[in-house]
Structures are given as C-alpha cells and as structure tokens.
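# What follows is a predicted structure for the sequence shown.
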Amino acid sequence: MATEAHADAATEGSGLVFHPMDQFIIKPLFPAHMEVESVDAERSVGILSDGREVALSHDQVAQVASGGHVEVNLFEAGLQQISWFTPTNATAWLAVTVLAVVALLVLSTSKRAIVPSRMQSIAEMAYGFVYKMVEDVAGKDGVKYFPYIMTLFMFIVCANFLGLLPMSFTTTSHIAVTAVMAMAVFLTVTLLGFYKHGFGFLNIFWIAQAPLVLRPILALIEVISYFVRPVSHSIRLAGNMMAGHAVIKVFAAFAAIAAIAPFSIVAITAIYALEMLVSFIQAYVFAILTCVYLKDALHPHH
Amino acid sequence: MANETDTPTGHGLADELGILPASESATGMPQLDFSTFPNQIFWLVIALIAIYLILSRVALPRIGGILADRQGTITNDIAAAEDLKAKAVEAEEKYNKALADARSEAQQIVAAAKAEMQVTLNDAIAKADAEIAAKSAESEKAIADIRAGALEAVQTVATDTAAEIVSALGGKADDSGIADAVTNRLKG
C-alpha cells in the first residue's frame, strides 16, 4: 500500500496520475468536519478539540499557526468510520437506481396505452424479455418466481448503466453487493430445492445417465461446482464492472499527455461502447444463471 | 524524499506534496475494504426490497395488464374483422343473387313484350290482309264492270259503225241483221 502511494507521488511530477480505483471508494455523503485547535509544526500534525491528531500540509500548519481556521474532513483524515447506516455514495447511487427502475417501469407505463409510447415500449420489452427467459429456462412453474428475477435484472441493468455516467459510482462493481445477491440466489434456490423435493434434490449431484463407476467422481465434481456457483456468480459481475471502469480511468489518465490524448479519447470511446454492451450482458447473464439455478431446484432430475 | 518517508507518522511524503493521505486515494481494492461491507449490504437490501415491492405491487401487474389488454384488443379486432369479412361475403352473395334475379326478370319482360308485340303485329297483318283482300275484290268488280261496259260500248259502236258503213255503201240497213252480224263477228 505504501509503495503505491510512492508510485502515485512519483508519477505526479510527470503529469501522469493513475487513480483507477478511486472511483470505487465508499465515502460518506455528509462527512464530519472538525476544526484544528492547535498544531505540532515539527510533525506537521494538527490536534483536534477531542485530542485526536490529523496530518496537515505545511500551508495548513502555517494557517493555523497564524491564527486562521482550518477545518479538516474527518473521513479523509481517516478518523471517521463508515457505520452500517451512514448514508454514503453507494447509498445515493442505490437510491438513484431505485428511481431509475421506477421511472423505467412505473412512470413510463402510467398511461397504460394500448399503442405504447417509446418509454412504455422499453418497459414492455424488459418485461417480455425477462418473462420469456424465466419461462423458457426455468419452465412454466418457474414463472411464480418471475418478480424476484425481474427485480435482480432491473437492479443490475440500471446500476450498471448508471455506473457508466461520468462521476458516478457503480454499486455493482462492489463484491459486497454482488455477493449478497448471489448468496441470496444460492440460498433461496438450495432451500427451495430441499423444500420441494426433500432429499430428492440431491439427485442433481447423482447423474443417472453416467456409467456407475463414474458417478461418484461426477458427484464430487457436481458438489464442488454447486458450491462455487455463488462465487462465480458474484465475481463475474463485480469483476466485469470493476475492470471496465478501471480501464476507462487508466485511458483517461493517459490523456494528460497531449500527444497520446487523441488515441486516449478514441480508446475511451471504444471501451465505453464495449462497457455498454457488457453492462447489459452481465445483467442478462446474472438473470439467466439465476433461472438455470432455479430450474435445478424445481426439476432436480436431469 | 527518502528521509521524509521514514518519518514516524508516515504522512511526511503526503505532506510534502500538499495532499492528505488515507482515504483521499484508493490503496489496493476498495472492494476488499471489509469495513464498508455492513453499510453496503444494509443499503443494498433496502434498495432490493424497495425494487421488489414496487415491481410486484405496481409495475409488473400493470405491465402484465397492459399486455393482456392489448392481446385482448387484438383478438377482438381480429374476430370483428372476421365477422365483417363473413358479412361482406354474405353481402356479395346477396348481390350476385339479386343480379341474377334481375337478369332473369328482365329476360322474362323482354320475352313478354316480344310476345305482345307479335300478337299486335299478327292482328295488324291480318287486318291489313283483310283490307287488301276487300280492296282488290272491289277493284276486280270495278274492272269487270268497266270491261262489261266496254264490250257493250264496242257492240254499240260496231253496230252503229256497221249501219253507217252499210248506208254509206248505199245499202239498206237492216237493223236486226246488222246487230246479228256484229254479234256473230264479236263472238269470233
């Protein structure tokens, strides 16, 4: 970690600053500020009213020493922890995602037109797309779970596209977010399987079509692959989102060199287009895999 | 610079550059900063529940309803169209039938008119024939009368002429003799 800080500092002089991961930092929306009471000029440290110390720049030290007021952002100084309910940038973008889903599916259909407007067409297409996917993959009895899959799909697709807005925060690039969804799918599907079929659900590990000798080996492989599902399910989405955004940031950093800037802009444009594709495809993949897992729970017999 | 980095607080270099360390820039992957997990999970769960409730209570029933309505409208329209098509076919059949009827009626009328005309014509012809026959009979009678008149006149003229000639030749004209001679001569 310390070495990275050095690398940043070293490149700063040449005009190239790489902070591709900064966009993923979780920050409080309303960070606490506190005034510096006194300074320790020798260590260039400010002392807050509660006795905690905070690193200051020389300018700030000089300002306090000359009787000026200096407020420090406690979060940026590493003195504020993010608790479970702190409103953060992630909270804000999750809220925007919810609003986007509402705008896309509720506001656009408010006229209930027989001949749909463009926005209503999008809502209907999304509905039809996911409905057909659930019906085709999970079967007729999987349609009962359509609202859950639609929720996941709409959340991911909206979050992914909102993440492509400049200056935005991509909630789905965080493993915490995707892992919760993947674990929810995994646990639901597993419990549903046992609830519907009892121990018969274990049949998905016992491939009756395979030769008897191979079955135990296949069963072992199937069990491992079953438990790897939530991992691959979550990392696939978070990894895709994170990688694309980081690559855009890296290309953007190269634009600081005038000679490379045109290439950099073309590259960003190309990556952006690719990311739009990836945003949709990853939401689709997440939803269709959920359907596949659901199918396994509903029909464990191969 | 190397000296600066060795300062106990570890912020020496950052200070040198006038930037704040710690959370200002990401070190490593922010995704693996487990201290933010409870926060993200909490807000994510709230967001997902909100989306689920909105979708299951409002959006999905509404869109499903719209699609069902549209399907119903389309089905109704198709049924109505088929109904109208059947009606059109029926109407066409009626029209064709009416046309055929009218045609046969017209032919009947034409035949009747022809027959009527024939009757009138025959009557007229018969009348004309009768008239012509009557006229020709009258004419023949007139001709016969004229012919008879002419013969008489011829006999008178011949008798008179013969009597004159006889008297002119110095003979004594015997009227009855002359009349007999003329009559014999006229008989050939």
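That came in fine, so what should we check first?
# Every contact and neighbour count from this point should use C-alpha atoms.
Noted.
# got any ranges where chain A has weak pLDDT?
The model of chain A has pLDDT under 70 over residues A:1-15, A:302.
# Next one: the most centrally placed residue in it from A:Phe205, what distance?
Note on chain A: the residue nearest the mean C-alpha position is A:Thr172, at 1.5 Å, using CA atoms, centre = their mean. The gap separating A:Thr172 from A:Phe205 is 31 Å, by CA to CA, to the nearest Å.
# Ok, A:Ile235 next?
Applying CA to CA to A:Ile235 and A:Phe205 gives a distance of 24 Å.
# Between the two, point out the one with more neighbours.
A:Phe205 (21 against 18; other CA atoms under 10 Å in any protein chain shown).
# any idea how far the residue positioned nearest the centre of chain B is from B:Gln107?
Centroid-nearest residue in chain B: B:Tyr95, 9.2 Å away (criterion: CA atoms, centre = their mean). As defined by CA to CA, B:Tyr95 lies at a distance of 18 Å from B:Gln107.
# same check, this time on B:Val45
Distance from B:Val45 to B:Gln107, by CA to CA: 90 Å.
# do A:Gly163 as well
When A:Gly163 is compared with B:Gln107 (using CA to CA), they lie 86 Å apart.
# For A:His299, give me the backbone phi and psi.
Main-chain torsions, A:His299, degrees, to the nearest 10: phi -130, psi 80.
# and B:Thr36, which of the three is it?
helix (DSSP: H, G, I helix; E, B strand; the rest coil).
# confidence score at the residue nearest to the centre of chain B?
With respect to pLDDT, B:Tyr95 scores 96.
# Flag the shaky bits of chain B, pLDDT-wise.
Using pLDDT under 70, chain B drops low at B:1-27, B:173, B:188.
# If we use 80, what do you get?
B:1-28, B:170-175, B:182, B:185-188 (pLDDT under 80).
# before we move on, the earlier item: so which of B:Val45 and B:Gln107 has more stuff around it?
The neighbour comparison of B:Val45 against B:Gln107 (other CA under 10 Å) goes to B:Val45, with 15 against 12.
# name the element that one belongs to?
Using DSSP states H and E, B:Val45 maps to helix B:37-54.
# What are the buried residues along that helix?
Residues of helix B:37-54 classed as buried: B:37-41, B:43-44, B:46-48, B:50-52, B:54 (neighbour count, 16 or more other CA atoms under 10 Å in any protein chain shown).
# so how far is that helix from its chain's centroid?
71 Å (CA atoms, centre = their mean, to the nearest Å).
# for the chain, which helix is longest?
Defaulting to chain A. helix A:215-254 (DSSP state H).
# Can you look at chain B instead?
Under DSSP H, chain B gives helix B:60-168 as its longest helix.
# Report the angle between it and helix B:37-54.
30 degrees (axes from the mean of the first three to the mean of the last three CA atoms, to 10 degrees).
# Counting by contacts, list what helix B:60-168 packs against.
Applying 3 or more CA pairs under 8 Å, 6 or more residues apart in numbering or on different chains; DSSP states H and E, we find helix B:60-168 packed against helix A:118-138, helix B:175-187.
# Can I get the longest one in CSV, CA atoms only?
What follows is helix A:118-138 as a C-alpha-only set of coordinates in CSV (Å, rounded to 0.1, in the frame of the first residue of the first chain):
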residue,chain,number,x,y,z
ARG,A,118,-41.3,4.7,-26.6
MET,A,119,-40.7,4.5,-22.9
GLN,A,120,-43.6,2.2,-22.4
SER,A,121,-42.2,0.0,-25.2
ILE,A,122,-39.0,-0.3,-23.3
ALA,A,123,-40.8,-1.3,-20.1
GLU,A,124,-42.9,-3.8,-22.0
MET,A,125,-39.8,-5.2,-23.8
ALA,A,126,-38.0,-5.6,-20.5
TYR,A,127,-41.0,-7.4,-19.0
GLY,A,128,-41.4,-9.6,-22.0
PHE,A,129,-37.6,-10.3,-22.2
VAL,A,130,-37.3,-11.4,-18.6
TYR,A,131,-40.7,-13.2,-18.6
LYS,A,132,-39.8,-15.2,-21.6
MET,A,133,-36.4,-16.0,-20.2
VAL,A,134,-37.9,-17.3,-17.0
GLU,A,135,-40.5,-19.3,-18.8
ASP,A,136,-38.0,-20.8,-21.3
VAL,A,137,-35.2,-21.6,-18.9
ALA,A,138,-37.0,-22.4,-15.6
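# Just the buried residues of that helix, please?
A:120-124, A:126-127, A:130-131, A:133-135, A:137-138.
# Save the helices and strands packed on helix B:60-168 as a markdown table, and put in distance to A:Ala100 too.
Formatted as a markdown table, these follow (distance: least, CA to CA, whole Å):
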| stretch | distance to A:Ala100 |
| --- | --- |
| helix A:118-138 | 12 |
| helix B:175-187 | 146 |
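# follow-up on the earlier one: now find how far off-centre the longest helix of chain B is within its chain.
With CA atoms, centre = their mean, you get 27 Å for helix B:60-168.
# likewise stretch A:165-176?
5 Å.
# The helix holding B:Val45 - contacts with which helices or strands?
Looks like helix B:37-54 contacts helix A:89-102, helix A:146-163, helix A:175-197 (3+ CA pairs under 8 Å, 6+ apart).
# Can the shortest one be said to contact chain B?
Yes - on the criterion CA under 8 Å from any CA of the partner chain, helix A:89-102 is in touch with chain B at A:Ala90, A:Thr91, A:Leu94, A:Ala95, A:Val98, A:Val101, A:Val102.
# Then the last one?
Yes - legend: contact between helix A:175-197 and chain B by CA under 8 Å from any CA is shown at A:Ile175, A:Ala176, A:Val177, A:Val180.
# Could you do the second one as well?
Yes - remark: helix A:146-163 sits within contact range of chain B at A:Pro147, A:Tyr148, A:Met150, A:Thr151, A:Leu152, A:Phe155, by CA under 8 Å from any CA.
# Walk me through the domains of chain A.
Taking automatic domain parsing as the reference, chain A has its domains at A:2-73, A:89-298.
# Report the contact partners of residue 175.
Using chain A here. A:Ser234, A:Ile235, A:Ala238, B:Gln31, B:Leu32 (CA atoms under 8 Å, 6 or more residues apart in numbering or on different chains).
# Can you look at chain B instead?
With CA under 8 Å, 6+ apart, B:Asp175 has these contacts: B:Ala163.
# quick one, what contacts the residue in chain B that chain A sits nearest to?
Minimum separation of chain B from chain A (CA to the nearest CA) falls at B:Asn39, amounting to 3.7 Å. Under the criterion of CA under 8 Å, 6+ apart, the contact list for B:Asn39 reads A:Ile82, A:Ser83, A:Trp84, A:Phe85, A:Thr86.
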